[in-house]
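Participant: I'll drop the sequence and a predicted model, then ask my questions.
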Amino acid sequence: MNSHTSSALLTTSLGDIPLTARGKVRDLYAMGEELLFIATDRISAFDHVLGSGIPEKGKILTQLSHFWFDFVADTVPNHLLASPSAELLAKIAPYESQIEGRSMLVRRAEMFPVECVVRGYISGSGWKDYLATGSVCGIELPKGLRESDKLPCPIFTPAAKINTGGHDENISYGVMVDTIGEHYAAELRRLTFAIYEKASAHAATEGLILADTKFEFGLVDGKIVLADEVLTPDSSRYWPAESYSPGGAQPSFDKQYVRDYLESIHWNKQAPAPSLPDEVISKTREKYLEAFRLITGRSGLEMVR
Ligand SMILES: N#Cc1c(N)ncnc1-c1cnn(Cc2cccc(F)c2)c1
């Protein structure tokens, strides 16, 4: 066990602000209409939270979300709280040093129960569905695609949120319409493509392929807002363009060291997730910092907000 073992990463509450949701690597605390969205240093791989955290991962990914929320602000409003209440600020003040830079104060939104996934390349669950059916989410694709091939045009491949912590389930656009109605389904699809177009173009200028990404939207005062984290390596597949080679899985920009290590120890995924050697931790941290520098153009981890 090293200093970043998972036991040091789990907090159950922030004072009297109740924990309202816990993901693999994110925690959400709620105080009325204001939420505290905390990105932890936890890292998951192969759907398991590992026994070690990556120092500053939460801060790096939060600052990336801030950057991207601002970058696409002219395309879609977001859930960030412009002015948190004095009461909430007072409540979190004792924890500021623990959560500084890796927390977002956001407005409670009525979240759509759909993950809005857009794919510019065929990979992951999309590749599995394509192999099985020749299509993804009911969208028929050209025959003969190789894994990681660039698609003729980006596709919208929504997924239904599965609250049990399992995999979200790919659904057709028609099912999405049945779930949230034609108006919202069409608008979320339009926004998803518009954000992806802007973000993938920016990533490409920095030598990064944004292969796919997942957005979550909600309603605040009846208006659609972009919520959750956005365009982070945890919600997106980023590939280094210089090593792009279709015909197989691409190296993950941020998690390849972790994946290679887990493969090297022949980790049995039914066994408890192992801790990581310090070298894997430090190299992985460097990859997150590199993504931050490339995407934001900022040399250091100075806060965006
Ligand atoms: N963002 C946001 C949000 C919002 N602005 N209003 C209401 N609900 C949510 C909300 C609910 N679940 N999640 C995902 C999630 C799960 C687990 C931990 C997390 F930190 C985050 C996001």
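Facilitator: Yep, that arrived.
Participant: Show me which positions of stretch 210-227 end up buried.
Facilitator: 210-218, 220, 224-227 (16 or more other C-beta atoms under 10 Å). The way it works is simple: take the backbone N, C-alpha and C, and place the C-beta from them, glycine included.
Participant: Can you lay out these as a markdown table showing pLDDT, secondary structure and distance to Ser243?
Facilitator: Below are the buried residues of stretch 210-227 laid out as a markdown table (pLDDT from 0 to 100; DSSP: H, G, I helix; E, B strand; the rest coil; distance: C-beta to C-beta, whole Å):
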| residue | pLDDT | secondary structure | distance to Ser243 |
| --- | --- | --- | --- |
| Leu210 | 98 | strand | 15 |
| Ala211 | 98 | strand | 13 |
| Asp212 | 98 | strand | 17 |
| Thr213 | 98 | strand | 20 |
| Lys214 | 98 | strand | 23 |
| Phe215 | 98 | strand | 26 |
| Glu216 | 98 | strand | 30 |
| Phe217 | 98 | strand | 33 |
| Gly218 | 98 | strand | 36 |
| Val220 | 98 | strand | 40 |
| Ile224 | 98 | strand | 37 |
| Val225 | 98 | strand | 36 |
| Leu226 | 98 | strand | 30 |
| Ala227 | 98 | strand | 33 |
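Participant: now for those residues, which pair is the farthest apart?
Facilitator: Distances among the buried residues of stretch 210-227 were taken as C-beta to C-beta; the most separated pair is Ala211 and Val220, at 29.7 Å.
Participant: and the nearest residue to Gly138 once chain neighbours are set aside, what pLDDT?
Facilitator: With sequence-adjacent residues excluded and distances taken as C-beta to C-beta, 6 or more residues apart in numbering, Gly138 is closest to Ser172, at 3.6 Å. Model confidence at Ser172, expressed as pLDDT, equals 97.
Participant: Contacts only, for Ser172.
Facilitator: Contact analysis of Ser172 by C-beta atoms under 8 Å, 6 or more residues apart in numbering lists Cys137, Gly138, Pro158.
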